[in-house]
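**Q** no sequence for this one, just the structure:
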């Protein structure tokens with residue numbers, strides 16, 4: 001027998017939980033359907049970085065206070081390219097604009113608990129979505145199976161796919177999408193006892209070939225990340241931790257690892273194409289990774305999951321409450337996703353191909369080192385607070401050209417030594433020290 005709701009959501013990750021909480025607070029009845037059985041489930045492969053653009057959503061949910069109480073850090077980043085450092089203080093003076101660094105093992109269960117405690121929300125753990133329900137061309141709900149093999153039909157006036165990049169809802173609803181290739185792979189590991197050499201909670205080194213990150217998180221956990229061209233993959237895999245640590249060799253102000261210990265597996269993503277889907281139509285909407293997946297190099301996934309959830313609620317809760325035309329709300333939502341995130345997706349996907357810096361990027365990175373206004377513009381685009389069009393305006397381009405004349409030439413950074421070459425200092429320091 002079908003169960004009736006106002007909203008039926010597939011996926012109790014960041015996007016699904018945020019949408020469920022906000023729909024429930026509006027007085028709507030929500031089914032939040034999650035395949036995993038445990039409420040403590042979390043996404044492992046993540047930069048654990050929430051962009052500043054999502055701060056208003058976190059504040060609206062009220063979970064920003066919980067993040068800080070759990071030790072999450074207000075993030076800022078020091079950004080290095082061969083043209084020099086673009087510092088956190090230049091990017092966002094006084095931390096007026098910030099997101100958070102918080103491990104998903106902390107964030108995801110908190111959001112799921114918040115959703116479960118919201119009046120009107122039914123959290124259905126251990127329910128795997130296998131199909132959508134239709135009434136002619138319109139999606140009217142979900143079909144899920146429980147852990148005992150029982151079949152459940154969940155009918156809703158709005159169906160939401162927040163079930164990740166391989167979304168069943170996106171596939172079954174027939175919403176069109178397109179993908180873009182990624183020419184790089186990435187590996188991640190968590191450490192304790194890492195000593196950073198800059199004041200920011202995050203450091204990013206982008207040399208035009210690959211990228212390295214250090215993200216300080218709660219409970220003295222620091223995530224080290226190496227993203228490299230795919231042609232280096234075979235060598236990198238010979239010694240995952242050694243290759244990860246060696247990739248920091250020669251970088252300015254690289255982290256000090258003496259006394260550090262690895263407290264996670266070294267895990268990675270070999271193939272991570274971008275994907276953008278039509279975000280809504282005919283009774284169904286997609287949120288988070290189900291709607292848009294961009295290269296993890298830029299750490300946009302968590303922030304976009306929160307923002308798309310909020311935009312969806314704002315576009316459809318009113319019609320759902322008043323018995324109005326939900327389709328008009330879905331059109332508004334679809335346009336907002338396209339207009340707000342589409343330009344960022346195109347820019348990110350272009351660089352994800354694996355190409356070196358183009359002329360505009362070289363100009364921007366060099367100018368931002370010496371010009372505070374360019375640095376702020378860079379920070380607003382990088383924090384997804386402004387469209388990439390901000391750095392393409394005639395006035396900004398003129399300013400960047402003038403600033404470039406004051407900037408120094410780029411420096412050359414040696415390629416990382418992969419296994420088989422002389423051991424690096426970092427590999428010697430941590431040899432035999434890492435915990436599984």
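**A** Looks like it came in fine. Predicted model only: the values in this text are computed from it and were never measured.
**Q** same for the longest helix anywhere in the chain, what does it pack against?
**A** Ranked by residue count under DSSP state H, the longest helix found in the chain is helix 326-352. If contacts are counted by 3 or more CB pairs under 8 Å, 6 or more residues apart in numbering; DSSP states H and E, helix 326-352 sits against strand 151-161, strand 274-277, strand 280-281, strand 284-286, strand 292-293, helix 301-322. Quick note: C-beta positions are derived from backbone N, CA and C, even for glycine.
**Q** give the rounded mean pLDDT of that helix.
**A** Averaged over helix 326-352, pLDDT sits at 97.
**Q** what angle separates it from strand 151-161?
**A** Angle of helix 326-352 versus strand 151-161, following axes from the mean of the first three to the mean of the last three CA atoms, to 10 degrees, is 70 degrees.
**Q** chain center to the very next helix or strand once past helix 326-352: distance?
**A** Following helix 326-352 in sequence order, the next helix or strand is helix 359-370 (DSSP states H and E). Between the centre of helix 359-370 and the centre of its host chain there is 24 Å, according to CA atoms, centre = their mean, to the nearest Å.
**Q** which is the next helix or strand following helix 359-370?
**A** Next in sequence after helix 359-370, counting helices and strands by DSSP H and E, comes helix 372-382.
**Q** now do that following helix: everything it contacts.
**A** 79, 86-87, 90-93, 97, 298, 364-365, 367-369, 385-388, 390-391, 396, 399-400, 403 (CB atoms under 8 Å, 6 or more residues apart in numbering).
**Q** repeat the analysis, applying 6 Å as the threshold.
**A** The contact list for helix 372-382, computed with CB atoms under 6 Å, 6 or more residues apart in numbering, reads 86, 90-92, 367-368, 386, 388, 390-391, 396, 400, 403.
**Q** redo those residues as JSON lines? Include secondary structure and pLDDT.
**A** Formatted as JSON lines, those follow (DSSP: H, G, I helix; E, B strand; the rest coil; pLDDT from 0 to 100):
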{"residue": "86", "secondary structure": "strand", "pLDDT": "96"}
{"residue": "90", "secondary structure": "helix", "pLDDT": "91"}
{"residue": "91", "secondary structure": "helix", "pLDDT": "90"}
{"residue": "92", "secondary structure": "coil", "pLDDT": "84"}
{"residue": "367", "secondary structure": "helix", "pLDDT": "97"}
{"residue": "368", "secondary structure": "helix", "pLDDT": "97"}
{"residue": "386", "secondary structure": "coil", "pLDDT": "96"}
{"residue": "388", "secondary structure": "helix", "pLDDT": "96"}
{"residue": "390", "secondary structure": "helix", "pLDDT": "96"}
{"residue": "391", "secondary structure": "helix", "pLDDT": "95"}
{"residue": "396", "secondary structure": "helix", "pLDDT": "97"}
{"residue": "400", "secondary structure": "helix", "pLDDT": "97"}
{"residue": "403", "secondary structure": "helix", "pLDDT": "96"}
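**Q** who wins on neighbours among these?
**A** Greatest neighbour count in those, by other CB atoms under 10 Å, goes to residue 368: 30 neighbours.
**Q** contacting residues around it?
**A** Counted by CB under 6 Å, 6+ apart, residue 368 has contacts 86, 374, 375, 378.
**Q** and which of those is nearest residue 159?
**A** Nearest to residue 159 out of the contacts of residue 368 is residue 378 (CB to CB; 39.0 Å).
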